[in-house]
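Q: Return atomic coordinates for the entry below.
(chains A and B)
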Amino acid sequence: DAKTTQPNSMESNEEEPVHLPCNHSTISGTDYIHWYRQLPSQGPEYVIHGLTSNVNNRMASLAIAEDRKSSTLILHRATLRDAAVYYCILRDYGSGYALNFGKGTSLLVTP
Amino acid sequence: DTAVSQTPKYLVTQMGNDKSIKCEQNLGHDTMYWYKQDSKKFLKIMFSYNNKELIINETVPNRFSPKSPDKAHLNLHINSLELGDSAVYFCASSTRSSSGNTIYFGEGSWLTVV
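A: Okay, here's the model as predicted:
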């Protein structure tokens, strides 16, 4: 898998938007950008993924740079429940089955 | 109903024992995985099975043996447990999709070897 780089930690106030960056300068044309998060004492859960275009779902938005070398996960209104470790992972469709997790970004949300 | 369920959730055992962790998914997926999360919180893939066949086997001691009796189950058996095996083990499942592999994880099994 191509490597991703994320800040170790970020902090946000409750009810404010959060922008979690991810750099993936060696991304290949077929790599999908996946975001997962892991809440304390739980298994990782899927957040969102995309290939080239920006994506929105009920949990978050994913903004992908035009050159695809970076992306940003956007939580529109952080809640205390969003405090988790967020992982940005590249997956090549059809090249394998497992996700390889990096260190992720630990998001702290304060009231 | 829980999509990916694993048992037991907590397991404390002595060094040298043999133990198993069971995993079941009711999502109709054809691929299942075992991940290990150590004390430093790094999540690493251990094994992956597709349609009951082993497709990924990372550098894991051969004391660890996955067994997949059918597509819905992937159990992890560990022989001669060591202190370093203490970790959280996550089972997961997925199916290959046109947009690339959304993986669903279980809640984890906390293994402590004393």
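Q: residues in chain A within reach of chain B, list them.
A: A:32, A:34, A:36, A:38, A:41-46, A:49, A:51, A:85, A:87, A:91, A:93-94, A:96-101, A:103 (CB under 8 Å from any CB of the partner chain). Heads up, the C-betas are built off the backbone N, CA and C, glycines and all.
Q: Only the buried members of the residues you listed: can you turn that into a PyMOL selection?
A: Typed into PyMOL, the line below selects the buried ones among the residues of chain A next to chain B, using 16 or more other CB atoms under 10 Å in any protein chain shown:
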select buried, chain A and resi 32+34+36+38+43+44+46+49+85+87+91+97+98+99+100+101+103
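Q: where exactly do the strands run in chain B?
A: Per DSSP state E, chain B carries strands over the ranges B:4-7, B:10-13, B:19-25, B:31-37, B:43-50, B:53-57, B:64-70, B:73-78, B:87-94, B:104-105, B:109-113.
Q: rank these by pLDDT, which is bottom?
A: Lowest mean pLDDT of the strands of chain B: strand B:53-57, a mean of 77.
Q: and the most centrally placed residue in chain B, what does it touch?
A: When CA atoms, centre = their mean is applied to chain B, the residue found nearest the centroid is residue B:34 (2.9 Å). With contact set as CB atoms under 8 Å, 6 or more residues apart in numbering or on different chains, residue B:34 has these partners: B:23, B:45-48, B:66, B:74, B:76, B:89-92.
Q: same thing but 6 Å
A: Going by CB atoms under 6 Å, 6 or more residues apart in numbering or on different chains, residue B:34 touches B:46-47, B:76, B:91.
Q: what does residue A:17 give?
A: Residue A:17 neighbours (CB under 6 Å, 6+ apart): residue A:76.
Q: How many neighbouring residues does the single nearest residue of chain B relative to chain A have?
A: Relative to chain A, the nearest point of chain B is residue B:105 (3.3 Å; CB to the nearest CB). When neighbours are counted by other CB atoms under 10 Å in any protein chain shown, residue B:105 registers 24.
Q: Correct me if wrong: it contacts residue B:92.
A: Yes: taking contacts as CB atoms under 6 Å, residue B:105 lies within contact range of residue B:92: 4.5 Å.
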